[in-house]
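K.L.:
Fold the following and give me the result.
(2 chains)
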2 protein chains.
Amino acid sequence: MKKAVVLLSGGLDSSTCAAIAKNEKFEIYALSFSYGQRHSVEIECAKKIAKFLKIKEHKIIVLDTDIFKNSSLTENIEVPKNRKGSGIPNTYVPARNTLFLSYALAFAESINSFDIFIGVTAVDYSGYPDCRQDYIEQYQKMANLATKTAREGNKIIIHTPLINMSKGEIIATGHKLGIKYELTHSCYSPSPSGLSCGECDSCIHRKKGFSEAKIPDPTKYVV
Amino acid sequence: MKKAVVLLSGGLDSSTCAAIAKNEKFEIYALSFSYGQRHSVEIECAKKIAKFLKIKEHKIIVLDTDIFKNSSLTENIEVPKNRKGSGIPNTYVPARNTLFLSYALAFAESINSFDIFIGVTAVDYSGYPDCRQDYIEQYQKMANLATKTAREGNKIIIHTPLINMSKGEIIATGHKLGIKYELTHSCYSPSPSGLSCGECDSCIHRKKGFSEAKIPDPTKYVV
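P.N.:
The predicted model follows:
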């Protein structure tokens, strides 16, 4: 079996992405990150999904919480509710996907894997620059110059199976693959009792996705 | 003062690079990494150089030692002595500069800095793919797609002031800037008593550099 490194946050996108990688017969090595995110409950979800998908190895990497500043996900800044308009919201975390992909790249090369999966999507998303196709393409080019693996003639591929899917299509795809979405978490700003807020970008996209896919949403929302 | 994030290993290249950034009037935020490297003494040297250069902030980031495998710098594999020929040696660490630059990128964006310094050189070096100009250019392109900073019209610059310098030129430059090279460490495989081996790539380049620069080498070598 070919090995793949999969970035697994515990959200619905990355969980679907992991299920797709599994369905493509990769042996999965998943990475999750603890970086002081306010929705750190997602890490417990990542563990559940990893177990559910019976993946080969799941590493949880604890980052220095000083690295990511100026974000409402890591600092005491209010997460926007029912956000309107464009622009990059304050939930953006500085260079997060670049750091996560770079961990994946180092780990992939360490275990002789050439395949990295990341569940970014540029359809129903918050406009984060590091979720777009041109960013991923540039990252892949860089990775193929950076590494011994690539200099030896192998090609490193950054797989983004969700990038052009709507949230409804993502959920429909994961549903077909048997993902239990009740194991996943999306809300940026869960209540102390663990309910999803229902008003952050991530909850709004999640609700829209289940509605579009015509699949019952197992999530408990405050509103 | 403009802020710069400088990757500072504690070796002679990164120390010279930090001195150059300081000379260019940047306020310096240095990052060093502890990743289970066999020459972890370099971290103590990084601390000394940071103090010597009176930099603004020095962060030492402890990485999960499982990330970098298959390298003689992190595993029980012999470091080559008096290596001949080309090819990437076993001292290569998987995607190390990519991971370090990605930390620098996240940290830079967190502190509103657009300038990152890395002391890579592609002249007297070990052939590591992530020390070459085309890799750095591609990384910079990627960084300028990845980040909110760049989307807001700022340009992230990866400064590589040493990239075309021989080791002799690097040492002559640092010497002019007042760097005390006795505070730096290069050897990949120091003896238990802390002597430099004198036979690894890094020692050989260091010896050659001092000889070319006609500056006394303060290093104590085994041979």
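
K.L.:
how about the nearest residue to A:Leu8, chain neighbours excluded?
P.N.:
A:Ala30 (4.1 Å; Cβ to Cβ, 6 or more residues apart in numbering or on different chains). Heads up, the C-betas are built off the backbone N, CA and C, glycines and all.

K.L.:
list the buried ones in the host helix or strand of that neighbour?
P.N.:
Per DSSP states H and E, A:Ala30 falls inside strand A:27-34. Going by neighbour count (16 or more other Cβ atoms under 10 Å in any protein chain shown), the buried part of strand A:27-34 is A:28-33.

K.L.:
Closest to A:Lys148 out of those residues?
P.N.:
For the buried residues of strand A:27-34, the residue nearest A:Lys148 by Cβ to Cβ is A:Tyr29; the value is 18.6 Å.

K.L.:
Which pLDDT value goes with A:Asp134?
P.N.:
With respect to pLDDT, A:Asp134 scores 97.

K.L.:
Quick one: residues contacting it.
P.N.:
Counting by Cβ atoms under 8 Å, 6 or more residues apart in numbering or on different chains, A:Asp134 touches B:Leu145.

K.L.:
How about A:Ile88?
P.N.:
Applying Cβ under 8 Å, 6+ apart to A:Ile88 gives the contacts A:126-129, B:148, B:151.

K.L.:
A helix includes A:Lys207, no?
P.N.:
Yes - membership of A:Lys207 in a helix is supported by DSSP: H, G, I helix; E, B strand; the rest coil.

K.L.:
Buried residues in the very next helix or strand once past the strand holding A:Ala30, which are they?
P.N.:
Using DSSP H and E, the helix or strand that follows strand A:27-34 in sequence is helix A:41-52. Neighbour-count burial for helix A:41-52 flags A:42-43, A:45-50, A:52 (criterion: 16+ other Cβ under 10 Å).

K.L.:
what about A:Val79, helix or strand, and which?
P.N.:
Here A:Val79 is assigned to no helix or strand, by DSSP H and E.

K.L.:
Check the spacing between the closest residue to it other than its chain neighbours and A:Arg38 real quick.
P.N.:
Closest residue in space to A:Val79, ignoring its immediate chain neighbours: A:Ser189 at 4.2 Å, by Cβ to Cβ, 6+ apart. Using Cβ to Cβ, to the nearest Å, we find A:Ser189 at a distance of 7 Å from A:Arg38.

K.L.:
Ok, A:Asn82 next?
P.N.:
Applying Cβ to Cβ to A:Asn82 and A:Arg38 gives a distance of 18 Å.

K.L.:
returning to what we had before: and the angle from the strand holding A:Ala30 to helix A:41-52?
P.N.:
Interaxial angle, strand A:27-34 versus helix A:41-52 (axes from the mean of the first three to the mean of the last three Cα atoms, to 10 degrees): 170 degrees.

K.L.:
Among the contacts of A:Ile88, which lie within helices?
P.N.:
Those of these mapping onto helices are B:148, B:151, per DSSP state H.

K.L.:
neighbours around A:Gly87, how many?
P.N.:
12 (other Cβ atoms under 10 Å in any protein chain shown).

K.L.:
Help me confirm that it comes into contact with A:Tyr128.
P.N.:
No - at 11.2 Å, A:Gly87 does not count as touching A:Tyr128 under the criterion of Cβ atoms under 8 Å.

K.L.:
From B:Glu78, how far off is the residue of chain A positioned farthest from its centre?
P.N.:
Centroid-distance maximum for chain A: A:Glu152 at 29.6 Å, with Cα atoms, centre = their mean. Taking Cβ to Cβ as the measure, A:Glu152 falls 21 Å from B:Glu78.

K.L.:
ok, back up a step: in TSV: the buried residues of strand A:27-34, plus pLDDT.
P.N.:
Below are those laid out as TSV (pLDDT from 0 to 100):
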residue	pLDDT
A:Ile28	98
A:Tyr29	98
A:Ala30	98
A:Leu31	98
A:Ser32	98
A:Phe33	97
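
K.L.:
Tell me the one of the residues you listed nearest chain B?
P.N.:
Closest approach between the buried residues of strand A:27-34 and chain B, by Cβ to the nearest Cβ: A:Leu31, at 9.3 Å.

K.L.:
wait, doesn't that closest one sit right on A:Phe100?
P.N.:
Yes - applying Cβ under 8 Å as the test, A:Leu31 and A:Phe100 come out as touching, 7.1 Å apart.

K.L.:
any common contacting residues for those two?
P.N.:
In contact with both A:Leu31 and A:Phe100: A:Leu7, using Cβ under 8 Å, 6+ apart.

K.L.:
ok so, going back, could I get the buried residues of helix A:41-52 as TSV with pLDDT?
P.N.:
Output for the buried residues of helix A:41-52, formatted as TSV (pLDDT from 0 to 100):
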residue	pLDDT
A:Glu42	96
A:Ile43	97
A:Cys45	97
A:Ala46	98
A:Lys47	98
A:Lys48	98
A:Ile49	98
A:Ala50	98
A:Phe52	98
